[in-house]
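Enquirer: Compute the structure for the input listed below.
(2 chains)
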Amino acid sequence: MKITSVFADKPYSAVAIAICFGVLLLLPWLHLLSPDSAFYLSAYWITLIGKIMCLALVALALDLVWGYAGILSLGHGLYFALGGYAFGMYLMRQSAGEGLPDFMRFLSWTELPWYWVGTEHFAWALALVVLVPGLIAFIFGFFAFRSKIKGVYFSIITQAMTFAAALLFFRNETGFGGNNGFTGFKTILGFDITSASMRATLCFITALVLMLCFIGLRQLMNRPYGRVLGAIRDSENRLQYLGYRTLWYKLSAWVLSAVIAGIAGALYVPQAGIINPSEMNPVNSIEMAVWVAAGGRGTLIGPILGAGLINAVKTYFTVAAPEAWLLILGALFIVVTLFLPKGVIGIFDRFKKEGD
Amino acid sequence: MSDVLIDAAQHGGQLGEGYGRAKPQGADFSHGIALYLEKVSVWFDSFRALNDLSLYIAEGELRCIIGPNGAGKTTLMDVITGKTRPTTGTAFFGQNYDLAKMSTEQIAEAGIGRKFQKPTVFENFTVIENLLLAAPSDKRVKKSLFSRLDPEAQLALDETLEQIRLKEFVQKPAGLLSHGQKQWLEIGMLLMQRPKLILLDEPVAGMTDAETERTAELCLELKKNHTLVVVEHDMSFIDTISEKVTVLAQGAILAEGTLAEVQAKEDVIEKYLGR
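Expert: Reported below is the predicted structural model:
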């Protein structure tokens, strides 16, 4: 009896996935070629690819909790934005130099609020990127899961959370630039943020993080831990009668997911050049769930694909036919629900079955 | 004994749901009794699901519980597994576990396994995955991140598959099994937990005659190493496996004895068997 293979996941062609990631890791460097070269990618494309990969990272994070543990979050935009703001603080300090960031001077503040202390240090900013979303997810998740809040009630609360945070961040007094948020970034570690090499590096790091998170999560999901999460989705009560303390499984997955979303936000902000409270708008978080559903829940690779495809289509249509985009998104969702219940990745499954 | 009880009670109170709890040292059956229920009542508003019920299950016993619908059989199971708290009375597992103070997970860990009325297996998982989910003795997150199947569990796995006769279906998704096979799989999951006390809630409901027969054999096999409490309606099944039968009615014990004895009693006939 093959015991070692029982926990192995559906083997989507590892080769195909490796090639895709290889391409993503190579693409950023095409930006450094001479503009005359046939393979040159402009700054527009490089930041677009970088941003979409950040969104794919959020989709991956959401798949961990929704696809595996069955916990639908409609508020992952919150953790994404928190990570973005944490890194944005560093970027603002970089461009402000010794003085206060511009928006504080406009409010005639004379000193930094306490939570800005230390944000001029790159390492502390990176720590905040992980700690802030992680801690907030831990506190929120602990009480929500301990109170056995499940299903649609949980989803609604996550949505209320992100909306409340958006309102908080809209206030100028909160100290995060109000509705304008942070923008006008100049340097990272002293390097010009708009330089070709910095753009390529940021895009490359994003691809690398995306790949590492994918591999890491896939390893994790193939261990007993992943099976327990799947069993929570199917029947949490039964699992408790087997002696599992499901609270800690859900909470650990939830926090991990929030941290990954935060990292995605931190990578997004320098490439987008702006972070403001509209990132916490509930609509954004709902869209994230659409990417996951469209790509295929509980597959890890599916949500990455879904985020990539939908955002590519969105980028095209918001320029070509801006008024039609929401209709197209709606139609897309209907098509997926009706014909592709397992998402885009389900198409491959179907082919494989016919091939057998 | 009282020292032990107080110790366990305080212990249970402190356990919480978290990490770092003390490893339970196992149920103490030194007095030969596995389960004590003393004057247990459960009230749902004004309705008394259990009414001053006292029940003792000896170690190694196979006890059948019968009774009409609404007699409190499932509530009794719920009290034992921590799903429902007794309004009054005490419930102890061995000498040292106060069930009224423990969570469902702690009770499972202490060695009580329950099979539900409706088969609840993880339908998207294969037979072997279902069994492996039940297997680990340490079910904390940390362990699940690194663990592989230990040789002891491997041995238990082969043995269990043999017992529940699902050896040729190991890679089949549990959702595709027949009703009877699902019931057996669930019993198999119980066995993988290596419990001391097994509760079976209507194990043969909806089974064919052949499946019922096989389940009876299985119960008799389990009896060799476990204490069992079986709730069932099927009289011929009970006749095959039972030594001692308890009849419940309106949340209290109506009669206790062998099946022939209780079937002969007037009030049992009146309240349950019908004329």
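Enquirer: now the chain, which segments are flagged as low pLDDT?
Expert: I went with chain A, as the question did not name one. A:1-12, A:352-356 (pLDDT under 70).
Enquirer: Hmm, no, I was thinking of chain B.
Expert: B:1-25, B:137, B:147-151, B:273-275.
Enquirer: OK, now which residue of it is nearest to chain A?
Expert: Here the residue of chain B nearest chain A is B:A108; by Cβ to the nearest Cβ that distance is 3.6 Å. (Glycine included, C-beta is placed from N, CA and C.)
Enquirer: Pull up the distance across stretch A:65-79, start to finish.
Expert: Distance between the two ends of stretch A:65-79: 14 Å, counting by Cα to Cα, to the nearest Å.
Enquirer: Show me which parts of that stretch are buried, residue by residue.
Expert: By 16 or more other Cβ atoms under 10 Å in any protein chain shown, the buried positions in stretch A:65-79 come out as A:65-79.
Enquirer: Report whether stretch A:252-269 contacts chain B.
Expert: Yes: using Cβ under 8 Å from any Cβ of the partner chain, stretch A:252-269 reaches chain B at A:S252.
Enquirer: Tell me which residue is most central in the chain.
Expert: Using chain A here. In chain A, the residue lying closest to the centroid (Cα atoms, centre = their mean) is A:V58, at 1.8 Å.
Enquirer: The intended chain is chain B.
Expert: Closest-to-mean residue, chain B, Cα atoms, centre = their mean: B:L199 / 1.6 Å.
Enquirer: For that residue, what is the enclosing helix or strand?
Expert: strand B:197-201 (DSSP states H and E).
Enquirer: ditto for B:L254
Expert: If you go by DSSP H and E, B:L254 is part of strand B:252-257.
Enquirer: ok, and for the following helix or strand past that strand, which residues are buried?
Expert: Once the chain leaves strand B:252-257, the next helix or strand it forms, by DSSP H and E, is helix B:259-264. Applying a neighbour-count criterion of 16+ other Cβ under 10 Å, one finds B:259, B:262-263 buried in helix B:259-264.
Enquirer: about what we covered before: what sits against the residue of chain B closest to chain A?
Expert: By Cβ atoms under 8 Å, 6 or more residues apart in numbering or on different chains, the contact set of B:A108 is A:240-243, B:81, B:193, B:195.
Enquirer: surely B:Q106 meets B:F93?
Expert: No: B:Q106 is beyond contact range of B:F93, at 10.4 Å (criterion: Cβ atoms under 8 Å).
Enquirer: and these two? which has more neighbours close in?
Expert: B:F93 (25 against 21; other Cβ atoms under 10 Å in any protein chain shown).
Enquirer: quick one, phi psi at the more buried one?
Expert: When read as degrees, to the nearest 10, the backbone of B:F93 gives phi -110, psi 110.
Enquirer: One more: B:S41?
Expert: Here is the backbone geometry of B:S41 (degrees, to the nearest 10): phi -120, psi 140.
Enquirer: The closest residue to chain B within chain A in helix, strand or coil?
Expert: Closest residue of chain A to chain B, Cβ to the nearest Cβ: A:G243 (3.6 Å). State at A:G243, reduced to three classes by DSSP: H, G, I helix; E, B strand; the rest coil: coil.
Enquirer: And for it, the neighbour number?
Expert: Neighbours of A:G243 (other Cβ under 10 Å): 25.
Enquirer: Figure out the helix or strand that the closest residue to A:F176 other than its chain neighbours lives in.
Expert: Of all residues not flanking A:F176 in the chain, A:F169 sits nearest, at 5.3 Å (Cβ to Cβ, 6 or more residues apart in numbering or on different chains). In the assignment (DSSP H and E), A:F169 maps to helix A:151-170.
Enquirer: Start from the N-terminal end of the chain and give the strands.
Expert: Just going to use chain A. Under the criterion DSSP state E, strands of chain A are mapped to A:182-183, A:187-188, A:191-192, A:274-275.
Enquirer: The chain in question should be chain B.
Expert: Listed from the start of the chain, chain B has strands (DSSP E) covering B:33-44, B:47-58, B:62-66, B:88-93, B:97-98, B:112-115, B:197-201, B:227-231, B:244-249, B:252-257.
Enquirer: and these, which is most packed in?
Expert: Mean neighbours per residue, mean count of other Cβ atoms under 10 Å in any protein chain shown, is largest over the strands of chain B for strand B:112-115, with a mean of 26.
Enquirer: list the helices and strands that one packs on?
Expert: Under the contact criterion of 3 or more Cβ pairs under 8 Å, 6 or more residues apart in numbering or on different chains; DSSP states H and E, strand B:112-115 touches helix B:73-81, helix B:179-192, strand B:197-201.
Enquirer: does B:E186 really touch B:F116, like I thought?
Expert: Yes: B:E186 is in contact with B:F116 according to Cβ under 8 Å; the separation is 7.3 Å.
Enquirer: Would you mind measuring from the residue nearest to B:A71 when sequence neighbours are not counted to B:K271?
Expert: Counting by Cβ to Cβ, 6+ apart, B:A71 lies nearest to B:L248, which is 4.1 Å off, once chain neighbours are set aside. Between B:L248 and B:K271 the distance, using Cβ to Cβ, to the nearest Å, works out to 10 Å.
Enquirer: Check B:Y97 too.
Expert: Distance, B:Y97 to B:K271, using Cβ to Cβ: 33 Å.
Enquirer: With B:A156 instead?
Expert: 42 Å.
Enquirer: repeat for B:T75
Expert: Taking Cβ to Cβ as the measure, B:T75 falls 17 Å from B:K271.
Enquirer: between the two, who's got more neighbours?
Expert: Each of B:T75 and B:K271 has its neighbours counted (other Cβ under 10 Å); B:T75 has more, 22 against 18.
Enquirer: so what's that one up against?
Expert: B:T75 sits next to B:42, B:49-50, B:84, B:251 when contact means Cβ under 8 Å, 6+ apart.
Enquirer: Return only those of those found close to chain A.
Expert: Answer for these near chain A: none qualify (Cβ under 8 Å from any Cβ).
Enquirer: ok, which pair from those is furthest apart?
Expert: Spanning the widest gap among the contacts of B:T75 are B:T84 and B:G251, at 12.4 Å by Cβ to Cβ.
Enquirer: ok, these two, which is more surrounded?
Expert: Ranked by neighbour count (other Cβ under 10 Å), B:T84 and B:G251 place B:G251 first, with 23 against 18.
Enquirer: What count of nearby residues applies to residue 123?
Expert: With no chain named, the answer covers chain A. 9.
Enquirer: Wait, chain B was what I had in mind.
Expert: By other Cβ under 10 Å, 15 other residues sit near B:E123.
Enquirer: so it makes contact with B:K172?
Expert: No: in this structure B:E123 lies outside contact range of B:K172 using Cβ under 8 Å: 11.1 Å.
Enquirer: quick one: the helices in the stretch 201-350 of chain A?
Expert: For the stretch 201-350 of chain A, the helices defined by DSSP state H, counting those that start in this stretch occupy A:224-241, A:246-272, A:282-295, A:301-320, A:325-339, A:345-355.
Enquirer: what angle sits between the second one and helix A:282-295?
Expert: Read that as helix A:246-272. Angle of helix A:246-272 versus helix A:282-295, following axes from the mean of the first three to the mean of the last three Cα atoms, to 10 degrees, is 110 degrees.
Enquirer: give the contact list for B:E261.
Expert: Counting by Cβ under 8 Å, 6+ apart, B:E261 makes contact with B:A255.
Enquirer: I meant to write B:V204 there.
Expert: By Cβ under 8 Å, 6+ apart, the contact list for B:V204 reads B:183, B:211-212, B:215-216, B:232, B:234, B:237.
Enquirer: out of these, who's near chain A?
Expert: When Cβ under 8 Å from any Cβ is taken as the criterion, no member of these contacts chain A.
Enquirer: Thanks a lot, see you next time.
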